[in-house]
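1. Attaching a predicted model along with its sequence, questions to come.
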Amino acid sequence: MPILDEINNRRAYRSLAPVEITTDIIESLGHAAQLAPSCFNNQPWHFVFVYEKKRLAAVFQTLSKGNSWATQASMIIAVCAKKEDDCEIYDRKYYLFDTGLASGLLILQATSIGLVAHPIAGYSPKKVREVLDIPDVYQVITLIIIGKKNEKISHLLSEKQIQAEQTRPERKPLETFIHHNSFEGTE
C-alpha cells in the first residue's frame, strides 16, 4: 500500500475497543520509531509502553477530564526526551522535532497494523513522571493512546468528539500552508 494511503487511513479515533498487547506489537512500533531520522543520528526519544492493568489505571488518573475516553485504551505510550540528548544549534533545539518524527512513524506503523494511535496533550506531565518513574530531566512530550477502533460510539465522548468520530475533521487547504519559493508570495 502506498504510504499516502496509510497516512490517509490514520485517524485520531476516540471510541476504542480492547486489543491484546503483545511483544510483537511493541517491537513493531518501537522499530518504526527507531528508524526515524534525527540530528546527527542522536535518537533522543524514549517511549514508555504502559499496558499492565494496574500501571495503566494509574496513568488514567493523570488524564484531564476531556480525555476520559482514553480510559478505554489497551496501552498508553509516554513519549519523552530531554534537550541535552540532541542537537542544539543556535536557538534550535532539535529534541522535540526529532522525537516528533519518531512518534509520527510509530503512529503510522500502528495504523498499518490496524490500531488507533491517538496522541494527546491533556494530562499532567508531573503526575505521569511520578507514575512511570520518569526522571524530572525528561519532558513528557505527549501520550499516545492505543486501542482498536470501536464501531460503537463511546458514551464517554462529548458532542464535539462524537462529530469528529463520525466525520474526519476538516484539514486546512494546501494553499494556506504551502509556499512556493518564499513565505510571502509565489514566484
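-> It's in.
2. alpha carbons only for contacts and neighbour counts from here, please
-> Fine.
3. contacting residues around the residue nearest in space to the middle of the chain?
-> Nearest residue to the geometric centre of the chain (C-alpha atoms, centre = their mean): P119, 3.2 Å. The contact partners of P119, by C-alpha atoms under 8 Å, 6 or more residues apart in numbering, come to A12, T142, L143, I144, I145.
4. and the helix or strand harbouring G147, what's its mean pLDDT?
-> Element membership for G147 (DSSP states H and E) is strand 139-149. Mean pLDDT, computed over strand 139-149, is 98.
5. what sits up against that strand?
-> By C-alpha under 8 Å, 6+ apart, strand 139-149 touches 13-19, 70, 72-82, 96, 114-121, 125, 128-129.
6. Can you flag which of the residues you listed belong to helices?
-> Counting by DSSP state H, the part of the contacts of strand 139-149 found in helices is L96, P125, V128, R129.
7. quick one: pLDDT of the second one?
-> Think P125. Looking at P125, the pLDDT reads 98.
8. Would you mind checking the average pLDDT for the helix or strand containing K160?
-> Using DSSP H and E, K160 sits within helix 159-166. Averaged across helix 159-166, the pLDDT comes to 93.
9. Quick check: buried residues in it?
-> Q161, I162, A164, E165 (16 or more other C-alpha atoms under 10 Å).
10. ok, back up a step: which of the contacts of strand 139-149 count as buried?
-> 13-17, 70, 72-82, 96, 115-119, 125, 128-129.
11. circling back to that earlier point, roughly how far out does the helix holding K160 sit from the chain middle?
-> How far helix 159-166 lies from its chain's middle: 19 Å, per C-alpha atoms, centre = their mean, to the nearest Å.
12. helices or strands up against it?
-> Helix 159-166 sits against no helix or strand, with contacts defined as 3 or more C-alpha pairs under 8 Å, 6 or more residues apart in numbering; DSSP states H and E.
13. on that earlier part again, which one of the buried residues of helix 159-166 is nearest I26?
-> E165 (25.8 Å; C-alpha to C-alpha).
14. That's all I had, so thanks and see you.
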